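Peer 1: for reference, the sequence and a predicted model appear below.
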There are 2 protein chains.
Amino acid sequence: MSGFRIHPRLLEDAHRLGRLGGCHLLLHRNAAVPWFILVPEAEEESLLALPAPVRDAVMTDAAEIARFVTDGLGWPRINVAAIGNVVPQLHVHVIGRRPGDACWPAPVWGNLPRTPPYPSAQVAAIVQALAEGHGLAPDNTGTA
Amino acid sequence: MSGFRIHPRLLEDAHRLGRLGGCHLLLHRNAAVPWFILVPEAEEESLLALPAPVRDAVMTDAAEIARFVTDGLGWPRINVAAIGNVVPQLHVHVIGRRPGDACWPAPVWGNLPRTPPYPSAQVAAIVQALAEGHGLAPDNTGTA
């Protein structure tokens, strides 16, 4: 056990889905667009300050999720970003977008209208699809 | 010559600084924060759809610019993103941020107040610093 903890604000905003590659995978609770968040177990707060092999591995995990969003969920465009102005812990957003979506063409941060929460069956279906096709594993720290 | 062209909207919004690694490097004309834009010569519109070695090379270039922003310009935090909702051509934003800056903690897109333009001497000084310390080369398509 690493003692690594996901920032409480991220856990408040998102469902914890499991582990994908070297990252914890979260799903933002706002269901307007498919909005995934990868949290690598890194001490650095900046994606671009990571050692190159670690950064490249995080991007590989992000590309895996992007493939699920485009090919599995059918959202044609991907926004990917590491911002960290509100939550300093390094986390990478991978977000499906399409023309005409809930805040197109604005970025989601601060612009996405609130939605009803995901039905729990839908979260479970996403976890199952990611486990079957994209290597998602249970998160063995599994507290949330 | 590749016949590659940078999207006109990017050239409208940004100064063209040169080539860094495999990317064209631009500087957004809004001088409120140091906002660089990397444009790889790629056909893909999505960063995460690039072949992994190409994607990793783009991120290496982005990390080089991030180092300039933090160590050279003294901005402690970096926002990095590939959005592409308005300009579909693949481009990666590398933006210096600090608590209390012109739109902190909001992301810059749609939130940054207009500023007077960069004095041309300041753009030239940035080009010189990037050429001397970070491998910036003249952009041989050099039309803007």
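Peer 2: All right, it came through fine. Residues are numbered from 1 along each chain as shown, chains lettered A, B, ... in the order given.

Peer 1: okay, A:A31: pLDDT?
Peer 2: Note for A:A31: predicted pLDDT of 98.

Peer 1: run a quick check on it versus A:Y118, I expect a contact.
Peer 2: Yes - between A:A31 and A:Y118 there is a contact at 4.8 Å, judged by Cβ atoms under 8 Å. Every C-beta, even on glycine, is put in place using the N, C-alpha and C of the backbone.

Peer 1: quick one: residues contacting A:G18.
Peer 2: For A:G18, the contact set (Cβ atoms under 8 Å, 6 or more residues apart in numbering or on different chains) comprises A:H24, A:L25, A:V127, A:L130, A:A131, A:L136, A:A137, A:P138, A:D139.

Peer 1: give me the residues contacting the helix or strand encompassing the fifth one.
Peer 2: So that's A:A131. Assigned by DSSP states H and E, A:A131 falls within helix A:120-134. Contacts made with helix A:120-134 from outside it, assessed by Cβ under 8 Å, 6+ apart, are listed as A:15, A:17-18, A:20, A:25, A:27, A:31, A:64-65, A:67-68, A:72, A:136-137.

Peer 1: again, but for stretch A:55-74
Peer 2: A:20-23, A:25, A:34, A:36, A:38, A:40, A:47-48, A:50, A:75-76, A:78, A:80, A:92, A:94-96, A:129-130, A:133-135, B:46, B:48-49, B:52, B:55-56, B:59, B:63.

Peer 1: from those residues, which would you call buried?
Peer 2: Members of the contacts of stretch A:55-74 that pass the buried threshold by neighbour count (16 or more other Cβ atoms under 10 Å in any protein chain shown) are listed as A:20-21, A:23, A:25, A:34, A:36, A:38, A:40, A:47-48, A:50, A:75, A:78, A:80, A:92, A:94-96, A:130, A:134, B:46, B:48-49, B:55-56, B:59, B:63.

Peer 1: ok so, going back, can I get the contacts of helix A:120-134 in TSV including secondary structure?
Peer 2: Formatted as TSV, the entries for the contacts of helix A:120-134 read as follows, by DSSP: H, G, I helix; E, B strand; the rest coil:
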residue	secondary structure
A:H15	strand
A:L17	strand
A:G18	strand
A:L20	strand
A:L25	strand
A:L27	strand
A:A31	coil
A:E64	helix
A:I65	helix
A:R67	helix
A:F68	helix
A:G72	helix
A:L136	coil
A:A137	strand
